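**Student:** Prediction below, plus the sequence it came from.
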Amino acid sequence: MIKINNLNFSYGNGFNLNIEKLNIKAGEFVSIIGPNGSGKSTLLKILSGILKNFNGEILIKNKNIKNFNYKELAKTISIVPQEFNTIFKYDVESIISTSRVPYSKTFSFFETMEDKKIIEEAMKKTDTIKYKNKFFSNLSGGEKQRVMIARALAQKTKILFLDEFTSHLDPGHAQSLMNIVKENTQNGHTVVAVFHDINLASIYSKRLIIMLKGNVVCDGSPIDVITQENIKDIYNLDGSIIKHPKYNVPQIVFN
Ligand SMILES: Nc1ncnc2c1ncn2[C@@H]1O[C@H](COP(=O)(O)OP(=O)(O)OP(=O)(O)O)[C@@H](O)[C@H]1O
């Protein structure tokens, strides 16, 4: 579904991202973890077509990302970015409805009955329907995050990129949205999610990637990746690793 070959990117300020080879299959739920500034968001921005000035090759469904037009890319990939605070001065429903623009057959956008149904379903799933007439800018951080997730879900893409999408969510909403995202992968959707919550990543993803200084330094199952050595060396974290009582996957507790 996603193939990276010899990827190299630089902002021109000393930070370099280098990934020789990385393949992500359809239906995978891959979590990317790593310390601040290691290049996780940069990678998602490159993979979603936001940052275009890179060397190397990115294939999405075997087609070079540089050969996608705007509509085609927007029908293939959706992203929940890490920051979205100042972007929108509209009501929630209007913001979510922008996700349907790529599907519009006319030059101006008129919602079809199907669009309306998809938007409503996304609002119900994310528990945002109660805010539909509120201004986005007047919502709390977690409420905004749920609206952005609704917008990505309503975009109905086969690939979903999530950048710390649970960071503002209360535990109940975090769990229910993780379950929704996981459900999507069972329908063949591909999810690549950046997390600082390693425990959540360990429960929900069969594959974890650690980034450090612009490189992929670990790629494997939670049990292979979340090791005592890695948490000390990569995060400089004084923690212990215990087993999740239900799923048997590693979980980190602070010492
Ligand atoms: N627009 C930009 N212009 C210049 N440098 C940038 C820009 N965005 C990010 N950087 C730098 O690139 C590096 C990687 O940033 P990135 O946001 O990808 O890291 P991250 O792993 O997602 O970090 P975090 O966990 O803190 O969100 C950092 O050193 C950052 O300062």
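**Tutor:** That came through, no problem. Numbering: from 1, shown residues only.

**Student:** Check the spacing between Ala174 and Lys3 real quick.
**Tutor:** 31 Å (Cβ to Cβ, to the nearest Å). (Each C-beta comes from the backbone N, C-alpha and C, glycine too.)

**Student:** And the strands in the stretch 101-250 of the chain, which stretches?
**Tutor:** Along the stretch 101-250 of the chain, the stretches classed as strands by DSSP state E, counting those that start in this stretch are 159-163, 190-194, 207-212, 215-220, 239-243, 250-254.

**Student:** Report the buried residues of the last one.
**Tutor:** Within strand 250-254, the residues that qualify as buried are Pro250, Gln251, Ile252, counting by 16 or more other Cβ atoms under 10 Å.

**Student:** okay, those residues in CSV with pLDDT and distance to the ligand next?
**Tutor:** Below are those laid out as CSV (pLDDT from 0 to 100; distance: Cβ to the nearest ligand atom, whole Å):
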residue, pLDDT, distance to the ligand
Pro250, 97, 20
Gln251, 98, 20
Ile252, 97, 16
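
**Student:** Looking at these, which is nearest Ile159?
**Tutor:** Ranked by distance to Ile159 (Cβ to Cβ), the buried residues of strand 250-254 are led by Pro250 at 27.2 Å.

**Student:** can you tell me which residues contact the closest one?
**Tutor:** Shown in contact with Pro250 (Cβ atoms under 8 Å, 6 or more residues apart in numbering): Ser202, Pro222, Ile223, Ile226, Thr227, Ile241, Ile242, Lys243, His244.

**Student:** Can you tell me the closest non-neighbouring residue to it?
**Tutor:** Ile226 (4.0 Å; Cβ to Cβ, 6 or more residues apart in numbering).

**Student:** Show me which residues of the protein sit near the ligand.
**Tutor:** Tyr11, Asn13, Phe15, Gly34, Asn36, Gly37, Ser38, Gly39, Lys40, Ser41, Thr42, Gln82 (Cβ under 6 Å from any ligand atom).

**Student:** Just the buried residues from those residues, in PyMOL please.
**Tutor:** To isolate the buried members of the residues of the chain next to the ligand in PyMOL, using 16+ other Cβ under 10 Å:
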select buried, resi 34+38+39+40+41+42+82
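
**Student:** From the residues of the chain next to the ligand, which shows the smallest pLDDT?
**Tutor:** Ranked by pLDDT, the residues of the chain next to the ligand bottom out at Gln82, which has 87.

**Student:** Find the residue closest to it in space, skipping its chain neighbours.
**Tutor:** Asp163 is the one closest to Gln82 (Cβ to Cβ, 6+ apart), at 4.1 Å.

**Student:** Tyr70 too?
**Tutor:** Closest to Tyr70 by Cβ to Cβ, 6+ apart is Pro102, at 7.4 Å.
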